[in-house]
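> next comes the sequence, and after it the predicted model I'd like to discuss.
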Amino acid sequence: MVEEVRVVTESNRIVEMLRANPIDFADDLLAVRARFRALPGAEAPTAPARVQESTLGGVPVIEISSPDDEGGIVVFVHAGGFVAGSARGSLALAGRIAAACRRRLVSVDYALAPEHPFPAARDQVAAVFDALVAEGEHPSRIALVGASAGAGLALQFVAARGGSAAGPVPGALAVLSPFVDLALTGGSMTANAADDPSLTRAGLARCARDYLGGRPSSVADVLGAPLGHFPPTLVQVGGREILLDDSVRLASALAAAGVEVRFESWSGQVHVFPTFAAVLAEGREAIERIGEFVRRYAPA
């Protein structure tokens with residue numbers, strides 16, 4: 001199902017804020033990581049939600065739980081271009097998603113590139129998922145949610161499960177503004193360059209190089225991989241993004257493979273706009289849609 005979500009003017013101030021103080025992934029890496037640490041978004045969910053650091057499958061994670069959780073689990077994979085960000089820094093978004101899904105949420109604090117290139121982070125997502133299954137959680141009750149590069153990692157993990165790393169897949173998958181095509185061939189890379197206040201082609205090229213560590217982009221290919229084993233998938237993307245075509249092509253490829261896919265292009269919105277849910281009505285609505293999707297396809 002394809003849906004063009006209405007545009008509203010609340011997003012204008014978000015665009016202005018991003019243009020006034022942008023993060024360019026092409027900048028010095030230490031500076032990029034410092035900027036990510038300074039971003040709002042690390043606010044812990046409020047009571048009665050509980051936040052706890054732990055490890056699963058040898059991977060550090062942050063768990064968010066609530067007495068109102070209905071069962072089942074969400075595995076969340078944070079944004080940051082593969083080179084920045086953290087589970088702690090994305091607590092606000094993760095907490096909102098956990099509340100909307102009414103599930104315990106496990107946020108993967110995966111190792112960053114270039115120090116830990118492909119496939120380290122992808123394999124850590126797999127390790128966390130497999131550890132939950134080993135603990136007794138049925139794969140169909142696990143939903144996988146990723147944002148930007150974290151969405152790319154989630155997609156790479158599920159894609160690999162159809163090949164040499166065959167194994168269980170989650171019951172539902174939701175990806176927010178996924179960074180899918182590491183070769184950067186989407187037409188929106190050029191067509192939306194002037195409209196996107198968050199990302200640049202040069203910055204994404206640097207992220208891809210650091211993540212791949214000298215390997216060809218084909219090793220992390222999703223769009224050309226067999227996708228018939230994918231679970232029902234929700235794809236959300238902002239209409240202003242240079243990554244828009246990544247989502248368009250992903251949804252098309254999934255549909256062609258016979259996967260149940262819901263594609264939402266939110267006109268006028270920026271990269272991973274649910275991050276701004278505290279002040280953006282569209283962000284809150286998008287998160288509620290994620291919750292509805294997860295509760296439907298990965299039932300408690």
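In hand now; what should we look at? Numbering: from 1, shown residues only.

> got the contact list for the closest residue to A127 other than its chain neighbours?
Excluding its sequence neighbours, the residue lying closest to A127 (CB to CB, 6 or more residues apart in numbering) is G57, at 3.4 Å. (C-beta placed from N, C-alpha, C; glycine too.) Neighbouring residues of G57 by CB atoms under 8 Å, 6 or more residues apart in numbering: Q124, A127, V128, D130, A131.

> equivalent analysis for V32, please.
By CB under 8 Å, 6+ apart, the residues touching V32 are I23, D24, F25, G81, V83, A84.

> so which of those residues sits lowest on pLDDT?
The lowest pLDDT within those belongs to I23, with 87.

> you'd agree that one is in a helix?
No: counting by DSSP: H, G, I helix; E, B strand; the rest coil, I23 is not found in a helix; it is coil.

> my read is that it contacts R33, right?
No: at 10.1 Å, I23 and R33 do not qualify as touching, with contact defined as CB atoms under 8 Å.

> re earlier: and the residue nearest to A127, its phi and psi?
phi 60, psi 30 (degrees, to the nearest 10).

> distance of it from R240?
37 Å (CB to CB, to the nearest Å).

> right, and the helix or strand after the helix or strand harbouring V128?
Assigned by DSSP states H and E, V128 belongs to helix 120-134. Next in sequence after helix 120-134, counting helices and strands by DSSP H and E, comes strand 142-147.

> just checking, what packs against that following strand?
With contacts defined as 3 or more CB pairs under 8 Å, 6 or more residues apart in numbering; DSSP states H and E, strand 142-147 has these neighbours: strand 73-77, helix 91-101, helix 120-134, helix 149-160, strand 172-176, helix 281-297.

> out of these, which comes closest to S66?
Proximity to S66 (CB to CB) singles out helix 91-101 among the helices and strands packed on strand 142-147, at 7.2 Å.

> what does the closest one contact?
For helix 91-101, contacts defined as CB under 8 Å, 6+ apart pick out 40-45, 49, 51, 62, 64-66, 72, 74, 76, 78, 87, 104-105, 107, 143, 145, 147, 272, 274-275, 277-278, 284, 287-288, 290-292, 294-295.

> need the per-residue pLDDT for R37.
Predicted confidence (pLDDT) for R37: 88.

> pretty sure it is touching G80, no?
No: R37 lies out of contact with G80 (CB under 8 Å); the separation is 10.5 Å.

> same drill for these two, tell me which one is more crowded.
A direct count of neighbours by other CB atoms under 10 Å for R37 and G80 places G80 higher, at 24 against 13.

> which ones are touching that one?
Applying CB under 8 Å, 6+ apart, the residues near G80 are F36, S86, G89, L112, S148, A149, G150.

> check G146 too.
By CB under 8 Å, 6+ apart, the contact set of G146 is F76, V77, G152, L153, A154, L155, A174, V175, L176, P178.
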